[in-house]
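Engineer: got a predicted structure here, sequence first:
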Amino acid sequence: MDEGLNRRDVLIGGMLAAGGVSALAVGPLSKSPPNADRDISALFPDQVGQWRAAEAREAILPPRDALSEATYDRITARRYLSEGPPITLVAAYRAAQDWEGQVHRPEVCYPASGFAIVAKAERTVPIGSANLPVGILRAERGGRTDTVLYWTRMSEDYPGSVWDQRRQLAGALLTGRTLDGIVVRLSVTDYGESPDFAPLFAFTRALHAALWAESRRLIFGPLR
């Protein structure tokens, strides 16, 4: 294995083991990140395939502790209606990731809001000739169950776990790169029915088709 790569891996591992102390010592990123002032709510269309956006008063926002103003530059939430169950979309964007301000993944946010995660897996959503890596989970609180599909993009990658996310960020801090990040969560709430991820997969593909090229890049990243 290349000696330079070994040294870089050792440095990243040390930063992670130290809880980010070394990463913070690198100092702030000097480059002003793109899209820092972008209103991401304007990126999501009112019509997505067969789904239409509900009025803002119908949207269900997560608890404030799950989506902290200190963590994100922009947060948006919409509820999309069709003949099937309503789909709630929550997207949170941060133009410059740092050790203290990283996108919160649903497997962290849901337990913080009193839910128990009862099932979790990694899947891909086929979109044209490419694939979008996503996580899916079921979360329960009382008699409520949320069926969730989500993806996390950091720059041009899709970290599959909190550990992957931190490792990618540590590498960027070592090289002085600026990473932006977004987490997009789609969920359906039910009260004991069997989980059905098919509408969430269909909505994801319809959303990709409904976006302009620039919006696709920010929300979906470079699908491969």
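Structural biologist: Perfect, I can see it now. Note that the structure is a prediction, hence the values are computed from the model and not measured.
Engineer: contacting residues around the residue lying closest to T145 once chain neighbours are set aside?
Structural biologist: Distances taken as CB to CB, 6 or more residues apart in numbering put D190 closest to T145, at 5.5 Å, once the chain neighbours are dropped. To be clear about C-beta, it is placed using only N, CA and C from the backbone, and glycine gets the same treatment. Counting by CB atoms under 8 Å, 6 or more residues apart in numbering, D190 makes contact with 85, 145, 147.
Engineer: tell me how far D190 lies from G84.
Structural biologist: 11 Å (CB to CB, to the nearest Å).
Engineer: not counting sequence-adjacent ones, nearest residue to T124?
Structural biologist: Nearest non-adjacent residue to T124, counting by CB to CB, 6+ apart: N131, 4.0 Å away.
Engineer: is it true that the one you found touches W151?
Structural biologist: No - counting by CB atoms under 8 Å, N131 does not reach W151; the two are 11.0 Å apart.
Engineer: higher neighbour count, those two?
Structural biologist: Neighbour count, other CB atoms under 10 Å: between N131 and W151, W151 has more, with 22 against 14.
Engineer: confirm that the more buried one sits in a strand.
Structural biologist: Yes - according to DSSP: H, G, I helix; E, B strand; the rest coil, W151 belongs to a strand.
Engineer: check contacts around the residue nearest to it when sequence neighbours are not counted.
Structural biologist: Closest residue in space to W151, ignoring its immediate chain neighbours: V134 at 4.7 Å, by CB to CB, 6+ apart. Residues counted as contacts of V134 (CB under 8 Å, 6+ apart) are 122-125, 149-151, 204.
Engineer: change it to 6 Å
Structural biologist: V134 makes contact with 123, 125, 149, 151, according to CB atoms under 6 Å, 6 or more residues apart in numbering.
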